[in-house]
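Q: Starting from these lines, generate the structure:
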Amino acid sequence: MSERRDETLLRAAFIVSTGGDWVFRFALPVLVLQLTGSAFLAAFTYALEFVPFVLVGLFSGVVADRVDRRNLMIRCDVCSAAVVGAIGLLCLLDRPPVSAVYVAAFVLACMRPLYFPAFQGFLMERVPAERRPVMNAWVQGSESLLNMLGPIAGISVVAFLGPAAASGVNALSFGLSAVLILLTTASPVTRATTALREAVRGMGPDLLTGFRLLFADPVLRSGTILLTLTNFAVHAVEANLVYVVTEATDQSKFVLGVVVAAQGAGAVAGAAAVPRLLRRYREGTLLSVGMGALALALLTPAVSADVWVLAPAWALAGAATSLIVVGWFTYRQTVIDAEYMGRVVAVNRAVSFTAILPASLLGGWMAAELAPGWLFATAGAVQALAWIATAAGLVGKAGRRDGDAGPGGTGSAGEPKAAVG
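A: Numbers count the residues shown, from 1 in each chain. Model prediction:
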């Protein structure tokens, strides 16, 4: 009974925190674009959120596996609320210095590499194995729904109240998320944890364990490389979507909201279908289909970035992303023990997120100096390579059918479940 209660509280905390994030994520690139008029700096604002996943993400996973995950999530939410409040105060200035906005945004972004692996590990602690595909699909669908509604809310807040109000909304969301996590059941006394100040010491062996677990499984190893290519393709476009729509093609902010909302709607539909699909198909089948559909979605706007082309393409991209994310998370949960999930997630993200910063900056240069068509064509070509490699390799065959070994058994490639021997 307590497991279902904790699952409900986790869902509520995720909704509240992610909802506030999307209001602010839309407001900040718009603010920087208004202050500088630079597509390059606006793209850098977007990419800045992902840099800490590479710089501190490796070590954060070890910390998340060593300390009480519930308390770590609460601390991250409280610190995030304070930093977002400081960003809100900066926005009240007549012309806030861009450097100060970047510093505050970077500090805020450093909380997420700690929070995400702790959330994934906490989810595995509190959600039974048979319900994890449903929970993964719900998380992806909810985030996608917020992706759809968030830009619309962001447009309203920026237009009528300004970025400072967006920061206030986000600060309140972090505070409420902390309260919801606090209401979950305290971690079992049988779980070995250390104090936070002790958890940062001697992390080398545990960090190496995270690498070994991730790269020992051939599917996880290949998939991590392919997801790095996918991140390059997707974020080269997403980081510059504000510029492409509002500047390069001279469309309105409302059109930007419609495009991103279409992506959210497609992702919600994809996430809703995934649990049923996973009962019939391997995780690798979903990954292959998702990769191929995403390549098509990125290539189509190379013909025209008009809203009538871009919105349907972005809806397809959203659905494809749901297939990829839920299929990947579900497979990873079948071959990695909960005890080691934090460090494996952190290493996985640190590796795959290395592509985001160069992709964002290269995409900004291409959108401004060449044309949006070149940006979409390049991103689509990279993603097409990732799809071909997925469909032809081990990743496309990953997972299990009825009668195969379940969680705790062997993976689809015949490898034993990853564990520290």
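Q: isn't G210 right up against A350?
A: No: with contact defined as C-beta atoms under 8 Å, G210 does not count as touching A350 (9.3 Å). Every residue, glycine included, has its C-beta placed from N, CA and C.
Q: For these two, work out which one has more neighbours and name it.
A: Neighbours were counted for G210 and for A350 using other C-beta atoms under 10 Å; G210 has more, 27 against 24.
Q: so what's that one up against?
A: G210 makes contact with 58, 61-62, 340, 343-344, 346-347, according to C-beta atoms under 8 Å, 6 or more residues apart in numbering.
Q: any idea which helix or strand carries it?
A: Assigned by DSSP states H and E, G210 belongs to helix 204-216.
Q: in the helix or strand following that helix, what counts as buried?
A: The helix or strand immediately downstream of helix 204-216 is helix 218-238, counting by DSSP H and E. By neighbour count on 16 or more other C-beta atoms under 10 Å, the buried set for helix 218-238 is 218-220, 222-238.
Q: so what does helix 218-238 touch, helix or strand wise?
A: helix 39-48, helix 204-216, helix 283-299, helix 307-335, helix 341-352, helix 356-365, helix 372-392 (3 or more C-beta pairs under 8 Å, 6 or more residues apart in numbering; DSSP states H and E).
Q: So what touches the first one?
A: By C-beta under 8 Å, 6+ apart, the residues outside helix 39-48 that reach it are 28-29, 32-33, 36, 98, 101-102, 105-106, 109, 235, 238-240, 242-243, 247-248, 356-357, 359-361, 363-365, 367-368.
Q: quick revisit: go through the contacts of G210 and single out the one with the most neighbours.
A: Most surrounded of the contacts of G210: other C-beta under 10 Å gives G61, at 32 neighbours.
Q: mean confidence for the host helix or strand of it?
A: Assigned by DSSP H and E, G61 belongs to helix 57-66. Averaged across helix 57-66, pLDDT comes to 74.
Q: what angle do the next helix or strand after that helix and helix 341-352 make?
A: Where DSSP H and E defines the elements, the next helix or strand beyond helix 57-66 is helix 69-91. With axes from the mean of the first three to the mean of the last three C-alpha atoms, to 10 degrees applied, the angle from helix 69-91 to helix 341-352 works out at 40 degrees.
Q: so what does helix 69-91 touch, helix or strand wise?
A: Where contact means 3+ C-beta pairs under 8 Å, 6+ apart, helix 69-91 is packed against helix 2-36, helix 98-109, helix 111-126, helix 163-182.
Q: For T285, find the nearest of those.
A: T285 lies closest, by C-beta to C-beta, to one member of these: helix 111-126, at 23.2 Å.
Q: by contact count, what packs against the closest one?
A: With contacts taken as 3+ C-beta pairs under 8 Å, 6+ apart, helix 111-126 sits against helix 2-36, helix 51-55, helix 57-66, helix 69-91, helix 132-160, helix 341-352.
Q: Of these, which shows the lowest average pLDDT?
A: Mean pLDDT is lowest for helix 132-160 among the helices and strands packed on helix 111-126, at a mean of 67.
Q: Would you mind giving the helices and strands packed on helix 69-91 as CSV with mean neighbour count added?
A: As requested, the helices and strands packed on helix 69-91 are exported to CSV (neighbours: other C-beta atoms under 10 Å):
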stretch, mean neighbour count
helix 2-36, 20
helix 98-109, 17
helix 111-126, 24
helix 163-182, 22
